[in-house]
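Undergrad: Could you work out the structure for the sequence below:
(2 chains, ligands or ions: 1)
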Amino acid sequence: MSTEYEVVIGLEVHAELKTKTKIFCSCPTEFGGEENTHVCPGCLGFPGTLPIMNKKAVEYAVRAGLALNCEIQEYSKFDRKHYFYPDLPTAYQISQFEFPICKAGYVEIAVNGKKKKIRLNRIHLEEDAGKLLHSGNSITSSQYSLADYNRSGMGLIELVSEPDLSSAEEARTYLEKLRAVLEYTGVSDVKMEQGSLRCDANISLRPVGSSKLGTKTEIKNMNSYRSLQRALEYEIERQREVLEEGGTIIQETRGWDEEKGITSSMRSKEEADDYRYFSDPDLPPIVLEPAWVEEIRASLPELPDAKKDRLVMELGLSEYDADIITGSRALADFFDKTVTLFNEPKTVANWVMGEYLRLLNAEGTEVQESKVSPEKMAALLKSQATGKISGKMAKAVFEEMFMTGKDPEKIIKEKGLVQISDTDALGEIVEKVLAANPQSVADYQAGKEKALGFLVGQVMKETKGQANPGVVNGLLKQKLTD
Amino acid sequence: MKITEQEVHSVAEIARLELTQEEGQKITHALQVILEQTEALKRLEISKVKPTVYVLPLQNVFSEDQLDKCLTQEQALGNAPEVEKGCFKVPRII
Ligand SMILES: [Zn+2]
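TA: Purely as a prediction, here's the structure:
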């Protein structure tokens, strides 16, 4: 009989802070820019420079900690983490080792309807490293590297989970939850494609019932939610095969190769001792005033979980809809604003979940960049609700509104899209259609309900889709039973 | 406390220092002397002394989140031994 294994995953997530300047100097954090132009003697590690802590970065770390139910530490300090790699010019990274700013938090995730608490071990502040470009086709064939320090010294928070995740799907859901919380609190842009949210995973397997953790590997290079899930699914199977063949897992760092769909060994994991952490004497400790922490707590917005509860309990949305709408703050804000202008939450939710998300995905745009405002959305829904246009027309108008940003009223006018609900005008057309289709009339009267649908379709065709289908339905039934 | 030659060599390795066998012996001996001197501290009564990380009584030294001037690319690369495509050219490291 083969052994049943249980999966143990912990994630280390890095989020770039949305401060204007870097964490220890006054260079910009803007994405892009010519190589080595967002740099100063400080973030280039020139001798004689001193780091000064950006107060906003402290505030953001506390904000994230409060939103993630952490214990905010009154005392925290910075340490140097030493390693030799030219992505940091000082040959050490300023980080928090012994005394992080936040400890012991948690988030709640739901996978397949099952709720689970995922604990956070800590959140700490640190600086980002620069970027190395390798000449030649690959890192192994290049003779030298090119260092760009624009990113060096940007403020990061690292969020370290406990090994509470037990599947690739849970890991993905957890990361999406963190993303949502960090977006809501406004501390980070959380864009995985641009690298403002990054994730490494520690993963091991152990026989079910065993209390001892198995040997873990660390997985890197996962640049999307999908690649995180795929990489972990692959690694779980790889480790399972090794163990089933009686082999042992080597503790190492493995890189995910998106194209090949595999993980492969990068280097043996350095022991923590090798980093030779020691206190950074240039940065005095942070001692948080309780009043400041309370001020930050009071300024927190409604968080995803609370928003979701409100959407379900007060507005009557399904759990599923509420989950998706609150998955991003921009989408949730769009929904909320639209509902204040057009107070039918379920209709708004259907449109947001249906047409709006469909077009956003198809066009690869985001809510923030979209040309559809809540005002325009609400105006469109009002036109539909009053019967001015049909549901089908509304979809066509929405699509044009999405592409061009025009007002719905203008599109309706331009396209001549007016729904005919007038019973006199429709009555004539109905008579005409009935006269032209005696077979269908006979079929319906013989009890074939389907014939009615055909007749409605004929009226719609006659009116080029402008007839109000509800009115047509009623008129037809009335005339057919007369 | 005793320090071994092997420890000295492994520390040298992660600090990227090349030591000959002879230098290793010399440094091991020197470090041993220093460590023995610090042993003297153990004889002091320090149970009432708090661990000290910083010598200055400072805390919360903050800057506001305000942009300041950066170097130009030319200035930034001014001291670099080798430059390419606006970057510092460095030996390949794996
Ligand atoms: Zn700088």
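
Undergrad: domains of chain A?
TA: Domain ranges of chain A: A:12-200+A:273-292, A:302-415, A:423-481, per automatic domain parsing.

Undergrad: Residue A:342 - how many residues pack around it?
TA: 21 (other CB atoms under 10 Å in any protein chain shown). C-beta: built from backbone N, CA, C; applies to glycine.

Undergrad: Find the nearest non-adjacent residue to it, please.
TA: In this structure, residue A:342 finds its nearest non-sequential neighbour in residue A:378, 4.0 Å apart by CB to CB, 6 or more residues apart in numbering or on different chains.

Undergrad: these two touch, right, that neighbour and residue A:341?
TA: Yes - judged on CB atoms under 8 Å, residue A:378 makes contact with residue A:341 at a distance of 3.6 Å.

Undergrad: neighbour count winner among those two?
TA: Using other CB under 10 Å as the criterion, residue A:378 and residue A:341 rank with residue A:378 on top: 20 against 16.

Undergrad: Secondary structure class of the more buried one, three-state.
TA: Three-state call for residue A:378 (DSSP: H, G, I helix; E, B strand; the rest coil): helix.

Undergrad: and what of residue A:118?
TA: Per three-state DSSP, the local secondary structure of residue A:118 is strand.

Undergrad: what does chain A put close to the ion?
TA: Residues of chain A found near the ion, taking CB under 5 Å from the ion as the criterion, are A:25, A:27, A:40, A:42-43.

Undergrad: when you check chain B, which of the residues you listed turn up near it?
TA: Counting by CB under 8 Å from any CB of the partner chain, A:25, A:27, A:40 from these sit close to chain B.

Undergrad: What are the neighbouring residues in contact with residue A:450?
TA: By CB atoms under 8 Å, 6 or more residues apart in numbering or on different chains, residue A:450 lies in contact with residue A:443.

Undergrad: Got phi/psi on the residue nearest in space to the middle of chain B?
TA: In chain B, the centroid-proximal residue (CA atoms, centre = their mean) is residue B:15; its distance is 8.5 Å. Main-chain torsions, residue B:15, degrees, to the nearest 10: phi -90, psi 10.

Undergrad: distance of it from residue A:92?
TA: Distance of residue B:15 to residue A:92, given as CB to CB, to the nearest Å: 12 Å.

Undergrad: which stretches of chain B form helices?
TA: Ranges of helices in chain B, per DSSP state H, are B:5-14, B:21-38, B:73-76.

Undergrad: nearest to residue A:318, of those?
TA: Proximity to residue A:318, assessed across those by CB to CB, is greatest for helix B:73-76 (54.2 Å).

Undergrad: any chance you could map the helices in the stretch 101-250 of chain A?
TA: Listed in chain order, the helices of the stretch 101-250 of chain A (DSSP state H, counting those that start in this stretch) span A:168-184, A:225-244.

Undergrad: Of these, which stretch is the most buried?
TA: Sort these by mean neighbour count, taking mean count of other CB atoms under 10 Å in any protein chain shown, and helix A:168-184 sits at the top with a mean of 23.

Undergrad: in the chain, what spans have low per-residue confidence?
TA: If you meant another chain, say so; for now it's chain A. Flagging of chain A using pLDDT under 70 yields the residue ranges A:1-2, A:135-142, A:267-273, A:482.

Undergrad: that's the wrong chain, I wanted chain B
TA: B:93-94.

Undergrad: residues in it within reach of chain A, list them.
TA: When proximity is defined as CB under 8 Å from any CB, chain B approaches chain A at B:14, B:16, B:53-56, B:58-73, B:76-77, B:84-94.

Undergrad: Pull out the buried positions in the lengthiest strand in chain B.
TA: Among all segments of chain B classified by DSSP state E, the strand with the greatest residue count is strand B:87-91. For strand B:87-91, burial by neighbour count (16 or more other CB atoms under 10 Å in any protein chain shown) applies to B:87-90.

Undergrad: cool, and stretch A:61-81?
TA: Buried residues in stretch A:61-81, defined by neighbour count with 16+ other CB under 10 Å: A:61-70, A:72-73, A:76-81.

Undergrad: filter these by proximity to chain B?
TA: Within the buried residues of stretch A:61-81, those near chain B by CB under 8 Å from any CB are residue A:77.

Undergrad: Keep only those of the buried residues of stretch A:61-81 that are in strands.
TA: Short answer: the buried residues of stretch A:61-81 in strands (DSSP E) are A:72, A:76, A:79-81.

Undergrad: ok, of those residues, which one's closest to residue A:180?
TA: Closest to residue A:180 out of these is residue A:72 (20.8 Å), distances taken as CB to CB.

Undergrad: Can you verify my assumption that that closest one contacts residue A:293?
TA: Yes - using CB under 8 Å, residue A:72 makes contact with residue A:293 at a distance of 5.4 Å.

Undergrad: Could you tell me which residues touch both of those two?
TA: A:62, A:66.

Undergrad: Can you check the residues of chain A next to the ion and name whichever has the most neighbours?
TA: residue A:43 (31 neighbours).

Undergrad: wait, is that one part of a strand?
TA: No - counting by three-state DSSP, residue A:43 is not found in a strand; it is coil.

Undergrad: thinking it is in contact with residue A:21, fair?
TA: No - between residue A:43 and residue A:21 there is no contact under CB under 8 Å: 10.1 Å.

Undergrad: got any residues that touch both of those two?
TA: Residues touching both residue A:43 and residue A:21 (CB under 8 Å, 6+ apart): residue A:27.

Undergrad: Does anything pack onto the longest strand of chain B? Which helices or strands?
TA: strand A:144-148 (3 or more CB pairs under 8 Å, 6 or more residues apart in numbering or on different chains; DSSP states H and E).

Undergrad: Which residue, neighbours along the chain excluded, lies closest to residue A:322?
TA: Leaving aside its sequence neighbours, residue A:322 sits nearest to residue A:311 (CB to CB, 6+ apart; 4.0 Å).

Undergrad: Contacts only, for that neighbour.
TA: A:317, A:321-322, A:325-326, A:335, A:345.

Undergrad: Separate out the buried members of these.
TA: Here, 16+ other CB under 10 Å leaves A:317, A:321-322, A:325-326, A:335, A:345 buried among those.

Undergrad: OK, now which residue of chain B is nearest to the ion?
TA: residue B:70 (6.6 Å; CB to the ion).

Undergrad: Show me what residue A:147 bridges to in the sheet.
TA: residue A:132, residue B:88 (DSSP bridges).

Undergrad: Tell me how far it lies from residue A:437.
TA: 78 Å.

Undergrad: Those two: which has the busier surroundings?
TA: It is residue A:147, of residue A:147 and residue A:437, that has more neighbours when counted by other CB under 10 Å, with 21 against 16.

Undergrad: which two in the ones in strands among the buried residues of stretch A:61-81 are spaced the farthest apart?
TA: A:72 and A:80 (23.6 Å).

Undergrad: and the residue sitting furthest away from the middle of chain B, what does it touch?
TA: Most distant from the centre of chain B: residue B:85, at 31.0 Å, with distances by CA atoms, centre = their mean. For residue B:85, the contact set (CB under 8 Å, 6+ apart) comprises A:35, A:133, A:146.
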